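Q: Using only what follows, build the 3D model:
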Amino acid sequence: RGSYGIDLIGEYGFPTFARDLVYEPYKHGASATDVARVIKLGINGTKMPASVTLDDKQLANLTRYVISLQDPKPPSLTNAERYQRAIGNLDKTP
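A: Here you go, the predicted structure:
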């Protein structure tokens, strides 16, 4: 379940989990260009919407903020461990 008790199910019917922007690698690239593209265009098949109302300055500021969240030394977790952490069965900190 997502925050606020909402089930997060993608458009293909599979459960989706919010990405941990601190400890997990960015799935669609970690460069400023990649992060800005994901923010602006969203991700098809997921609950990540496009942010078409942001102007260029807002997009650049949000991109820098998201990148600043990333831990330079994220823990190495298996997919099973990441799943358990996403559903709340493992500690959120490494």
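
Q: Pretty sure residue 49 sits against residue 41.
A: No. Contact between residue 49 and residue 41 fails when scored by C-beta atoms under 8 Å: they sit 9.6 Å apart. Backbone N, C-alpha and C define where each C-beta goes, glycine included.

Q: The two: which has the busier surroundings?
A: Neighbours were counted for residue 49 and for residue 41 using other C-beta atoms under 10 Å; residue 41 has more, 14 against 10.

Q: For the more buried one, list the residues it contacts.
A: residue 50 (C-beta atoms under 8 Å, 6 or more residues apart in numbering).

Q: Quickly note the distance from it to residue 51.
A: For residue 41, the distance to residue 51 (C-beta to C-beta, to the nearest Å) stands at 8 Å.

Q: got any ranges where the protein has weak pLDDT?
A: 1-7, 74-75, 90-94 (pLDDT under 70).

Q: Grab the most central residue of it for me.
A: With distances taken as C-alpha atoms, centre = their mean, the residue of the chain nearest its centroid is residue 19 (3.1 Å).

Q: which residue sits closest to that one, ignoring its sequence neighbours?
A: residue 27 (6.4 Å; C-beta to C-beta, 6 or more residues apart in numbering).
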